[in-house]
Structure formats: C-alpha cells, structure tokens
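In: Sequence and predicted structure, then a few things I'm wondering about:
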Amino acid sequence: MTVAALDCGTNSTRLLVVDDEGRALVRDMRITRLGQGVDATGVLADEALARTWSVLEEYHEVMVTAGVRAARLVATSAVRDATNGQLFLDRAAEITGAEVALLTGVQEAEMSLRGATSDLAPVSEPTMIVDIGGGSTELAARVDGDIVRYSMQLGCVRVTERVLGARVVTPATSEAARAMITSELDAAFGADPRFSRLVGSVRIVGLAGTVATLAQLVAGLSTYDRDSVHHRRLTRRDVVEWRDRLGALEPAERLPFPGMVPGREDVLPAGLFILDAILERFEVEELLSSENDILDGLAASIVAPS
C-alpha cells in the first residue's frame with residue numbers, strides 16, 4: 001500500500017510518499033512560514049494560510065499521481081499556538097483527504113524519535129534526537145526502556161521574531177536569545193531530571209531544517225544531495241562558526257553561500273543558537289545529522305501502528 005505523510009510545521013510544509021516496500025517515492029519540502037507572526041498575534045495570518053493551502057493542493061496532486069491509498073497529515077507548534085488552528089486543519093483535511101491530527105509536543109517528540117532512529121546502528125550510550133522546528137524544539141531519548149521527552153517553546157522562527165531579530169546579530173540580541181534558550185533548557189531539566197543522566201554520555205541526532213542546512217553549508221553543497229547530508233557528522237565548532245558567520249551578515253547577504261536554503265536565511269542563526277546551547281548543556285562536541293525525522297515516523301505509523 002502506498003502511503004503519504006504530510007507535516008505542516010511553523011516554517012515548512014513537507015511531503016513523504018512511501019511504497020509498500022518502504023521505499024521513499026517522493027520527498028518534498030516547501031518554505032511556507034505558516035507560523036508567520038503567530039508568536040505575537042496568536043493567529044495564523046491569512047497570507048500564511050493561503051501559502052500553505054496552496055502547497056497542500058500541489059501535494060494532493062502528487063499523492064493522486066503516486067496512487068496513495070492512505071495519508072496522514074500532522075500540524076505542530078504554530079497550529080497549537082493559534083486560535084484559528086482548527087480552521088487550518090479543517091481546510092487541510094478537505095484539500096488532501098488525509099487523516100489530520102494536531103500533535104502535542106510530546107507526541108511530536110516521540111514520532112520524531114521513531115523516524116530518526118529507524119536506520120541508525122545501535123551504540124552503547126543513549127541516542128537523543130534534537131528536532132529544531134520553527135516554533136518548538138523537541139528533545140527525546142530512550143533511557144532504560146522509557147522515552148524521556150520534552151517540547152521546548154523554542155524554534156528558529158519564534159526566537160527570531162521574539163528576541164534575535166532577522167538583521168545582523170548584535171551583542172544585545174545575542175544575549176537575549178541565550179537567556180531565552182537557557183530558560184527553556186532549565187525548564188526541560190526541571191520537568192524530567194533524567195535529562196541530567198544524559199549529560200556527557202549521549203549520542204545527539206539533529207533533525208529538521210536548521211541541522212540539514214548546516215550540513216549543506218559545511219559540505220558546500222550548491223545542490224541538495226541527501227546522501228551527503230544524511231548521517232553527516234557535525235561538530236560544535238561547525239555550529240558556532242556558521243552561527244557567528246551568518247549572524248554578522250544581513251539575511252540577503254547569507255543567501256549566496258552554497259548550501260543555504262532560501263527561506264531560512266533570516267531564521268538560521270536563531271536555530272544555530274538553539275543547537276549550540278543544547279550541545280553545551282549536554283557536554284557534547286558533535287552531532288549526527290539525520291534526514292529521517294517525523295515524516296518517517298508518521299509513515300511508519302500508518303503501515304505499522306504501534
């Protein structure tokens with residue numbers, strides 16, 4: 001049975017179509033910025049809704065052509081925060097014909113963990129996924145058979161809009177971003193003390209646009225190549241170097257770098273601030289980039305519900 005998974009995030013809208021042997025037939029991502037301004041207004045903007053619905057219409061055509069028999073669509077942080085989130089979900093269901101769900105932060109973390117670890121070789125230490133989205137950042141790991149997870153109210157769009165700004169990073173905006181991120185990390189450790197057990201002894205796997213774009217920048221890829229990005233090792237030094245390098249430029253000046261994805265140039269520094277703070281808190285000097293993520297977990301949940 002050919003199935004489709006759709007993820008409507010704060011910054012991007014994505015599609016994965018998988019055949020009955022588990023092979024990916026289609027992977028596509030569009031920057032739609034569904035969460036534009038939602039942190040300040042609490043409402044999904046009309047233009048953001050229109051952009052996202054338009055992409056979903058295109059995705060429905062792809063699904064029909066591919067012979068999709070079952071589909072699930074999930075929405076995350078931006079829709080959770082919006083008073084008109086149900087309007088978006090109802091229309092998304094009409095357009096795609098998919099089963100639609102609004103995930104909690106915990107569900108998002110668990111689904112991402114399932115997708116990202118499905119093709120990873122086991123290691124002695126626990127594996128923790130770090131899923132930096134536009135509006136939230138999910139942490140999830142399996143410790144002694146249990147899933148430790150937390151959803152932080154941090155994302156590249158939220159941090160940009162609230163404190164960092166989309167222009168050149170200044171000492172003042174940098175300090176404000178660090179304070180915001182530190183507060184959320186403190187909340188994560190306070191909510192589940194088991195995170196402390198991972199400090200200094202955890203494999204971190206980074207998901208989503210911030211990490212994928214960083215991997216492309218480090219590799220100098222002018223054209224996306226999944227094999228070059230998936231499971232690429234990145235160091236904390238890479239994170240800091242590109243955070244500071246991009247932060248010293250205006251968004252338009254960031255676009256020419258090979259590997260920069262249009263639509264991320266204004267929010268990538270914020271994502272890298274988040275990533276660096278997490279690596280520092282867990283005392284880890286490198287991470288593994290994964291192109292398998294919540295979409296893969298969602299597709300797996302259609303084929304083999306857990």
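Out: Thanks, I have it. Numbering: from 1, shown residues only.
In: wouldn't Leu56 be in contact with Ile95 here?
Out: Yes. Using CB atoms under 8 Å, Leu56 and Ile95 qualify as a contacting pair, with a distance of 4.7 Å. (Each C-beta comes from the backbone N, C-alpha and C, glycine too.)
In: So between these two, which is more surrounded?
Out: A count of neighbours by other CB atoms under 10 Å puts Leu56 above the other of Leu56 and Ile95, at 25 against 18.
In: Figure out the helix or strand that that one lives in.
Out: helix 46-66 (DSSP states H and E).
In: What's the mean pLDDT across that helix?
Out: For helix 46-66, mean pLDDT rounds to 96.
In: try stretch 4-22
Out: Here the average pLDDT along stretch 4-22 is 91.
In: Do you have the helices of the stretch 1-150 of the chain handy? List them.
Out: 38-41, 46-66, 77-81, 85-96, 105-117 (DSSP state H, counting those that start in this stretch).
In: got the ones you listed as a markdown table, with distance to Ala179 columns?
Out: What follows is the helices of the stretch 1-150 of the chain, written out as a markdown table (distance: least, CB to CB, whole Å):
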| stretch | distance to Ala179 |
| --- | --- |
| helix 38-41 | 16 |
| helix 46-66 | 28 |
| helix 77-81 | 20 |
| helix 85-96 | 29 |
| helix 105-117 | 21 |
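In: Got phi/psi on Glu286?
Out: The phi/psi pair for Glu286 (degrees, to the nearest 10) reads phi -150, psi 160.
In: Bridge partners for it, pull those for me.
Out: Beta-bridge partners of Glu286, counted by DSSP bridges, are Thr235.
In: And for it, the neighbour number?
Out: Glu286: 14 neighbours (other CB under 10 Å).
In: That one and Arg233 touch, don't they?
Out: Yes. Under the criterion of CB under 8 Å, Glu286 makes contact with Arg233 at 5.7 Å.
In: Distance check, the residue lying closest to Arg72 once chain neighbours are set aside against His230.
Out: Nearest residue to Arg72 in three dimensions, chain neighbours excluded: Glu99, at 4.8 Å (CB to CB, 6 or more residues apart in numbering). In this view, Glu99 and His230 are 28 Å apart by CB to CB, to the nearest Å.
In: again, but for Asp39
Out: 31 Å.
In: So if I had to pick from these two, which one is more boxed in?
Out: Asp39 (21 against 15).
In: Can you give me the pLDDT of that one?
Out: The model's pLDDT for Asp39 equals 83.
In: Repeat that for Ser289.
Out: 94.
In: now do Val229
Out: At Val229, pLDDT is 89.
In: Can you list phi and psi of it for me?
Out: Taking degrees, to the nearest 10 as the convention, Val229 sits at phi -100, psi -40.
In: end-to-end on stretch 148-158?
Out: 24 Å (CA to CA, to the nearest Å).
In: Now do the same for that stretch: mean pLDDT, whole number.
Out: Per-residue scores along stretch 148-158 average to 90.
In: cool, stretch 182-201 as well?
Out: What stretch 182-201 shows for mean pLDDT is 95.
In: Find the nearest non-adjacent residue to Pro258, please.
Out: In space, Pro258 is closest to Ser222, 4.3 Å off (CB to CB, 6+ apart).
In: Report the buried residues of stretch 69-76.
Out: Neighbour-count burial for stretch 69-76, counted by 16 or more other CB atoms under 10 Å, picks out Ala71, Arg72, Leu73, Val74, Ala75, Thr76.
In: Please apply the same query to stretch 137-148.
Out: Thr137, Glu138, Leu139, Ala140, Ala141, Val148.
In: Show me which of the residues you listed is closest to Val202.
Out: Among the buried residues of stretch 137-148, Ala141 lies closest to Val202 (CB to CB), at 6.7 Å.
In: ok, now which ones touch the closest one?
Out: Each residue near Ala141 by CB atoms under 8 Å, 6 or more residues apart in numbering is listed here: Leu113, Pro126, Thr127, Met128, Ile129, Ile147, Val148, Arg149, Leu198, Val202.
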